[in-house]
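mind folding the following:
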Amino acid sequence: MDEGELRGMVEKLSENIAFQYQIIVTFGDCNFEKFDIIKIREFDKIVSGRIFGEDAELHFRRISDTTFRTVVISESDLSNILDNVETKALESSCKSYYLWGEQLDEKKTWFEARIPRLLHYPLDDPKKFVKLKTIEYKNRENGLLEFIRFQDIEGEDY
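Residues are numbered from 1 along each chain as shown. Here you go, the predicted model:
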């Protein structure tokens, strides 16, 4: 899929799905922030990305100068939104993973000694730790993990 097709897919999906967050990897940077369709339109600088919310995730990765590989993961029927929809019968389970860092201050900044920069997570109500809520999809026949769909983030003090 080229940049124009990906841009169109993002716009079409965002009209029908409430995306909340985006993780955008560019040459030299990685940003985890609230979904902003304006920032996501600069595909010439993007290496890969994940746009997600409670109902779906769009995951894309550059495979050449002008081409991206895309995967949309959802339990909703998206055939009325997207062309060439492939469906799979998978077993799903909800999981949560703690993200790197411990909160430094009230400015939504987290620190992890092993990462050479401060971390920023787009929480409205920052807590000491941040958890990523996911849904894991396993093949029903062989039990192998096929996809992990990012769903939400939440803060936790413990």
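
all helices for the chain, in order.
Taking DSSP state H as the test, the helices found in the chain are 3-16, 37-40.

now tabulate those in JSON lines and tack on distance to residue 92.
Placement of C-beta: from N, CA and C, glycine included. Shown next, in JSON lines, are these (distance: least, CB to CB, whole Å):
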{"stretch": "helix 3-16", "distance to residue 92": "20"}
{"stretch": "helix 37-40", "distance to residue 92": "26"}
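
pick the most buried one from those helices.
Greatest average neighbour count among the helices of the chain goes to helix 3-16 (a mean of 15), per mean count of other CB atoms under 10 Å.

can you spell out which helices and strands pack onto that helix?
In terms of contacts (3 or more CB pairs under 8 Å, 6 or more residues apart in numbering; DSSP states H and E), helix 3-16 is packed against helix 37-40, strand 46-52, strand 56-62, strand 68-74.

about what we covered before: lowest average pLDDT across the helices of the chain?
Lowest mean pLDDT of the helices of the chain: helix 37-40, a mean of 80.

distance between that helix and the chain's centre?
Mean-position distance between helix 37-40 and its chain equals 14 Å (CA atoms, centre = their mean, to the nearest Å).

residue closest to the middle of this protein?
For the chain, residue 50 is the residue whose C-alpha lies nearest the centre (CA atoms, centre = their mean; 3.2 Å).

Provide a list of residues in contact with that one.
By CB atoms under 8 Å, 6 or more residues apart in numbering, the contact list for residue 50 reads 22, 23, 57, 58, 59, 60, 150.

contacting residues for the first one?
By that I understand residue 22. Each residue near residue 22 by CB under 8 Å, 6+ apart is listed here: 31, 32, 33, 34, 35, 36, 39, 40, 49, 50, 51, 52.

bridged to residue 57, which residues?
residue 52, residue 73 (DSSP bridges).

that one contacts residue 76, doesn't it?
No - at 11.5 Å, residue 57 does not count as touching residue 76 under the criterion of CB atoms under 8 Å.

and those two? which has more neighbours close in?
residue 57 (23 against 10; other CB atoms under 10 Å).

let me know the outermost residue of the protein.
residue 141 (26.8 Å).

wait, which of the helices of the chain is closest to residue 96?
Nearest to residue 96, of all the helices of the chain, is helix 3-16, at 24.6 Å by CB to CB.

what sits up against the closest one?
The contact list for helix 3-16 (CB under 8 Å, 6+ apart) reads 1, 19, 35, 37, 40-41, 43-44, 51, 56, 58, 60, 66, 68, 70, 72, 78, 81-82.
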